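A.B. asks: I'd like to go over a predicted model; first the sequence, then the structure.
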Amino acid sequence: MAVIEELQRLCADHSIEELEAGWVLEDNLPMRKPIEMFGGKIYKTHRVYEKRL
């Protein structure tokens with residue numbers, strides 16, 4: 001939460017309206033929950049599949 005609070009402060013100080021939080025794994029809930037709590041939206045999903053050759 002300290003990181004998010006600091007980001008909010010910095011964004012307000014510098015009039016930044018958008019941030020990117022890219023490459024967060026879809027099962028990484030400790031990272032995703034705060035991002036989504038502050039209005040972050042998932043706009044792209046990359047997946048890796050395994051296939052035996």
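C.D. replies: Arrived safely. A quick note: this is a predicted structure, and the numbers were derived from the prediction, not measured.

A.B. asks: can you give me the helices in the protein?
C.D. replies: If DSSP state H is used as the criterion, the helices of the chain fall at 2-13, 29-37.

A.B. asks: Just name the most buried of those.
C.D. replies: Most buried of the helices of the chain, by mean neighbour count (mean count of other Cβ atoms under 10 Å): helix 29-37, with a mean of 12. The way it works is simple: take the backbone N, C-alpha and C, and place the C-beta from them, glycine included.

A.B. asks: ok, back up a step: residue 20: which of the helices of the chain is closest?
C.D. replies: helix 29-37 (10.3 Å; Cβ to Cβ).

A.B. asks: Contacts for that closest one next, please.
C.D. replies: Helix 29-37 has contacts (Cβ atoms under 8 Å, 6 or more residues apart in numbering) with 1, 4, 21, 24, 25, 26, 42.

A.B. asks: Name the nearest residue to the fifth one, ignoring sequence neighbours.
C.D. replies: Closest residue in space to residue 25, ignoring its immediate chain neighbours: residue 31 at 7.8 Å, by Cβ to Cβ, 6 or more residues apart in numbering.

A.B. asks: so where's the chain uncertain?
C.D. replies: Counting by pLDDT under 70, the chain contains no low-confidence range.

A.B. asks: mind checking how far the residue most central in space within it is from residue 6?
C.D. replies: The C-alpha lying nearest the average C-alpha coordinate of the chain belongs to residue 21 (Cα atoms, centre = their mean; 3.6 Å). Distance from residue 21 to residue 6, counting by Cβ to Cβ, to the nearest Å: 14 Å.

A.B. asks: Then residue 35?
C.D. replies: Note on residue 35: its distance to residue 6, by Cβ to Cβ, is 14 Å.

A.B. asks: about what we covered before: for the contacts of helix 29-37, could you give me JSON lines that also reports distance to residue 52?
C.D. replies: Output for these, formatted as JSON lines (distance: Cβ to Cβ, whole Å):
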{"residue": "1", "distance to residue 52": "43"}
{"residue": "4", "distance to residue 52": "42"}
{"residue": "21", "distance to residue 52": "34"}
{"residue": "24", "distance to residue 52": "29"}
{"residue": "25", "distance to residue 52": "24"}
{"residue": "26", "distance to residue 52": "24"}
{"residue": "42", "distance to residue 52": "30"}
